[in-house]
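[1] Here you go, sequence then predicted model.
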Amino acid sequence: MLIGTHHVCFTVSDMDRSLRFYRDLLGLHVMHDWVTEAEYLRTMIPLPGLRLRIVFLGLPGTHVRLELIEYLEPRGHGRAPATNVPGSAHVCFDVSDIDALYERLRASGVECNSSPVLITSRANYGARGVYLRDPDGNALELRQPAPGI
């Protein structure tokens, strides 16, 4: 039986570049940062010569963490799939001022799918949102809750 959520994870190709995005641009704080070749991980992730750099970032307003993993050995290749491909995923972050964050991201060279739009569906009616990608192509959604919520 599920009892909670510990973390969500993205695989990244360059941890330092990803930290500039998640920590410096989005404002997440680093909780842990280490390199590991732990045997239990080699059992869970059966890849030859497994060596990882793992960073846990705290997500505001929750105990859930964002885990970033850089596969130092063996190196991976490719980019995250398009959002309509089964197996793709995204994380949605709530933000207090979507316009200011959008402008900050754009000024830093981050490409968004659009400018922030009004959400008119049932569950998020009145909120505003925008989709974008991190430096490795992982999909993210930013959502400013509807006024008064």
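    Cool, the structure landed.

[2] How about residues contacting whichever helix in the chain runs longest?
    Criterion DSSP state H: the longest helix present in the chain is helix 98-107. Under the criterion Cβ atoms under 8 Å, 6 or more residues apart in numbering, residues 25-26, 95, 112, 115-116, 128-130, 132, 142-144 lie in contact with helix 98-107. (Each C-beta comes from the backbone N, C-alpha and C, glycine too.)

[3] Which parts of this structure are strands?
    According to DSSP state E, the chain carries its strands in the segments 7-12, 29-36, 51-58, 65-73, 90-94, 117-118, 128-133, 139-144.

[4] Just the buried residues of the first one, please?
    Neighbour-count burial for strand 7-12, with 16 or more other Cβ atoms under 10 Å as criterion, is recorded at F10, T11, V12.

[5] before we move on, what about the fourth one?
    Residues of strand 65-73 classed as buried: R65, L66, E67, L68, I69, E70, Y71 (neighbour count, 16+ other Cβ under 10 Å).

[6] Likewise for the last one?
    For strand 139-144, the neighbour count (16+ other Cβ under 10 Å) marks A139, L140, L142, R143, Q144 as buried.

[7] want to throw the strands of the chain into TSV with distance to A107 and mean pLDDT?
    As requested, the strands of the chain are exported to TSV (distance: least, Cβ to Cβ, whole Å; pLDDT from 0 to 100):
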stretch	distance to A107	mean pLDDT
strand 7-12	22	97
strand 29-36	22	98
strand 51-58	22	98
strand 65-73	23	98
strand 90-94	18	96
strand 117-118	20	98
strand 128-133	13	97
strand 139-144	15	97
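
[8] Could I get these in CSV, plus columns for distance to M1?
    Shown next, in CSV, are those (distance: least, Cβ to Cβ, whole Å):
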stretch, distance to M1
strand 7-12, 19
strand 29-36, 27
strand 51-58, 25
strand 65-73, 21
strand 90-94, 24
strand 117-118, 38
strand 128-133, 32
strand 139-144, 29
